[in-house]
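Asks: got a sequence here, can you build the structure:
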Amino acid sequence: MESLNYVMRATIFSFFVIISLQQGLAASNHYVLGDSIKRPQKSRVAADTSGHFIHINRIFIVGNRVTKDRIVLRELTVKSGDIVYSTELPIILDMDKKKLINTRLFNTVEIKLLEFKPDQVDLLIDLNERWYTFPAPIFELADRNFNEWWQNYNHDFSRVNYGLRLYQYNMRGRNETLRLTAQFGFQRRFEISYRFPYIDKKQKHGLIVDFDFFEAKNLAYKTFDHKLQFLESDELLKVTRGGGLTYTFRKSFYASHAVKVEYRSHTIYDTIVSLNPNYFGEGQTTQQFGILSYQFTSDRRDYIGYPLFGYYLTAGASKYGLSSNDDVQKIEINATFAKYFSLGNNFFISNNSVLYWSTPRDLPYANYGALGYRKQLVRGYEVYVIEGPYYWLNKTTFKKRIFSRTYNLNLLPIRQFRHIPLSIFLKTYADIGYVGNYPNYEINSRLSDKLLSGVGAGIDIVASYDAVFRFEYTFNGEGEDGLFFHIKKEF
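Replies: Numbering: from 1, shown residues only. So this is what the prediction gives:
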């Protein structure tokens with residue numbers, strides 16, 4: 001009965017919030033800017049006689065010691081020679097400022113008008129660049145999240161990965177990204193990835209190249225009662241090799257497309273086969289296959305690091321197995337939509353919905369889809385993995401900003417770290433979700449084929465360089481409760 005109450009409360013709350021969001025969206029009268037400048041209609045100008053047309057003369061960019069001018073200009077709606085109505089110009093420039101911030105290349109952005117004639121202005125874009133080189137030591141948990149490591153594995157420090165991860169952002173001043181990983185410990189991993197956001201003069205087409213190598217002497221070989229079961233050994237248990245090439249297309253400011261082709265090769269050793277013959281299916285020790293995937297993204301969030309207004313939409317499909325000889329034949333379809341509202345007086349509300357579907361349903365264990373990885377989980381179920389060929393998830397958060405301040409520490413020797421924003425939010429939330437179970441998968445059926453729910457309250461601490469620390473106390477539909485800690489935003 002107590003579990004049912006949790007489910008009913010979460011369902012009623014989420015339903016109320018979704019209806020409120022829909023009404024708010026319908027009533028919203030915020031100015032929505034298109035992907036290029038549109039001249040005001042004559043009737044519109046006649047209705048607004050308080051302004052006048054302004055000619056954009058020159059655009060000056062200062063503060064970009066590394067970033068090329070064309071990377072900055074790519075994000076601007078206004079160009080030299082454009083004619084804009086004066087009452088619309090501040091709105092346009094504010095949205096251009098947000099687009100530049102969302103490149104994650106700059107700490108601060110200011111766009112100033114330099115008027116030298118009543119109907120002509122220059123624009124001055126003043127930038128404070130971020131620090132772009134991060135040789136980050138790896139000392140992280142091998143488990144899915146902090147709570148799984150603490151509760152399921154008794155905070156065992158042998159379950160820790162260590163090594164070095166190098167991020168070099170804004171390579172050559174062109175917003176290119178190099179990522180290198182050398183990881184040892186619980187799991188060994190070596191990765192290299194290079195992202196070219198633009199490979200053409202018009203800055204619409206891009207490429208991402210990546211390769212990875214992974215080997216484990218500790219491996220989750222099965223799931224029992226929705227908890228991963230690990231085997232530790234002095235010998236190798238699994239080796240994975242792979243590589244991929246991604247083509248990206250960003251014609252407009254807010255919408256992008258990505259097509260990826262990759263190849264994966266997995267090998268497990270006899271010990272794993274003896275413990276779970278269905279790991280690769282029918283006692284197989286190898287699995288090789290290609291993957292072709294497509295992803296569409298429409299991103300109109302005000303600030304990617306911690307959005308408070310706007311929306312985010314992504315939808316895609318993947319085909320595992322590009323030839324009849326591939327060991328895996330699978331199709332996946334996914335979609336995510338998140339909407340963020342500012343209610344005024346530092347109150348905010350956000351809602352996130354996720355859909356996932358795959359076929360066929362008689363797959364080997366290693367190819368199962370699951371709710372519980374990364375941010376795709378019902379809060380309160382952090383310690384569980386709920387596997388199934390399809391699931392849906394809805395999250396709603398209501399929050400209040402109780403503190404917001406930016407510190408400028410001019411005494412610091414490195415100018416990129418002198419700008420330190422800090423915000424604190426109190427919040428309450430309700431999540432619901434559902435996972436359909438795989439056929440003949442009774443050992444993991446307690447949480448599948450039923451409504452999952454989680455309600456709670458917490459605090460978010462948002463700092464510089466997109467750092468978010470979340471402390472949440474959650475009650476789930478199983479009558480369980482606990483304090484959960486997360487790094488990075490909830491969605």
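
Asks: and the helices in the stretch 251-400 of the chain?
Replies: 270-275 (DSSP state H, counting those that start in this stretch).

Asks: now the strands for it?
Replies: Along the stretch 251-400 of the chain, counting by DSSP state E, counting those that start in this stretch, strands occupy 255-268, 286-299, 310-320, 330-344, 347-359, 370-371, 386-387, 390-408.

Asks: of these, which is nearest Asn102?
Replies: strand 286-299 (7.8 Å; C-beta to C-beta). (Each C-beta comes from the backbone N, C-alpha and C, glycine too.)

Asks: figure out how far that closest one is from the centre of its chain.
Replies: How far strand 286-299 lies from its chain's middle: 16 Å, per C-alpha atoms, centre = their mean, to the nearest Å.

Asks: check stretch 55-64 too.
Replies: For stretch 55-64, the distance to the chain centre is 32 Å (C-alpha atoms, centre = their mean).

Asks: what residues of it count as buried?
Replies: 56-57, 59, 61, 63-64 (16 or more other C-beta atoms under 10 Å).

Asks: out of those residues, which are inside strands?
Replies: Counted as lying in strands by DSSP state E, out of the buried residues of stretch 55-64, are 56-57, 59, 61.

Asks: which one of the residues you listed is nearest Val78?
Replies: Ile56 (5.3 Å).

Asks: got the contact list for Thr108?
Replies: Residues near Thr108 by C-beta atoms under 8 Å, 6 or more residues apart in numbering: 127-128, 419.

Asks: tabulate those (JSON lines), appending secondary structure.
Replies: Output for the contacts of Thr108, formatted as JSON lines (DSSP: H, G, I helix; E, B strand; the rest coil):
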{"residue": "Leu127", "secondary structure": "strand"}
{"residue": "Asn128", "secondary structure": "strand"}
{"residue": "His419", "secondary structure": "strand"}
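
Asks: which of these tops the neighbour count?
Replies: Highest neighbour count within the contacts of Thr108: Leu127, with 20 neighbours (other C-beta atoms under 10 Å).

Asks: excluding chain neighbours, what is closest to that residue?
Replies: Gly63 (3.7 Å; C-beta to C-beta, 6 or more residues apart in numbering).

Asks: likewise for Gln288?
Replies: Here the residue nearest Gln288, using C-beta to C-beta, 6+ apart, is Ser265, at 4.8 Å.

Asks: try Asp460
Replies: Using C-beta to C-beta, 6+ apart, the nearest residue to Asp460 is Phe425, at 4.3 Å.

Asks: can you tell which of the strands of the stretch 251-400 of the chain is closest to Arg415?
Replies: Among those, strand 390-408 sits nearest to Arg415 (C-beta to C-beta), with 10.5 Å.

Asks: and the closest one, what other elements does it pack with?
Replies: Secondary-structure packing of strand 390-408 (3 or more C-beta pairs under 8 Å, 6 or more residues apart in numbering; DSSP states H and E): helix 2-27, strand 347-359, strand 419-436.

Asks: one more time with 10 Å, if that's ok
Replies: The contact analysis (3 or more C-beta pairs under 10 Å, 6 or more residues apart in numbering; DSSP states H and E) places strand 390-408 against helix 2-27, strand 106-117, strand 330-344, strand 347-359, strand 370-371, strand 419-436, strand 451-462.

Asks: highest average neighbour count across those?
Replies: For the helices and strands packed on strand 390-408, the largest average neighbour count (mean count of other C-beta atoms under 10 Å) is found in strand 370-371, namely a mean of 23.

Asks: in its sheet, what does it sit against?
Replies: Taking DSSP bridges as the criterion, strand 370-371 forms sheet pairs with strand 386-387 (antiparallel).

Asks: so how far is the strand it pairs with off the chain centroid?
Replies: Per C-alpha atoms, centre = their mean, the centroid offset for strand 386-387 relative to its chain is 21 Å.

Asks: what about the nearest residue to Gly456 once chain neighbours are set aside, distance to Val455?
Replies: Leaving aside its sequence neighbours, Gly456 sits nearest to Thr474 (C-beta to C-beta, 6+ apart; 3.5 Å). When distances are taken as C-beta to C-beta, to the nearest Å, Thr474 and Val455 turn out to be 7 Å apart.

Asks: can you list residues touching both of those two?
Replies: Shared contacts of Thr474 and Val455 (C-beta atoms under 10 Å, 6 or more residues apart in numbering): 379-380, 429-431, 481.

Asks: looking at those, which is nearest Phe224?
Replies: Looking across these and measuring by C-beta to C-beta, the closest to Phe224 is Gly380, at 20.2 Å.

Asks: do I have it right that that closest one meets Leu447?
Replies: No. Using C-beta atoms under 10 Å, Gly380 is not in contact with Leu447, being 11.3 Å away.

Asks: overlap in contacts, these two.
Replies: Contacts common to Gly380 and Leu447, judged by C-beta under 10 Å, 6+ apart, are 476-478.

Asks: hmm, back to that, any chance of the contacts of Thr108 in CSV, plus pLDDT and distance to Leu100?
Replies: Shown next, in CSV, are these (pLDDT from 0 to 100; distance: C-beta to C-beta, whole Å):
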residue, pLDDT, distance to Leu100
Leu127, 96, 8
Asn128, 94, 11
His419, 83, 15
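
Asks: export these to a markdown table and tack on distance to Gln295?
Replies: As requested, the contacts of Thr108 are exported to a markdown table (distance: C-beta to C-beta, whole Å):
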| residue | distance to Gln295 |
| --- | --- |
| Leu127 | 30 |
| Asn128 | 32 |
| His419 | 33 |
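
Asks: ok, those vs Lys260, which is closest?
Replies: Leu127 (31.8 Å).

Asks: tell me who's in contact with the closest one.
Replies: 61-65, 67, 72, 100, 105-111.

Asks: same check on Ser448?
Replies: Contacts of Ser448 (C-beta under 10 Å, 6+ apart): 226, 371, 386-388, 391, 434-438, 441.
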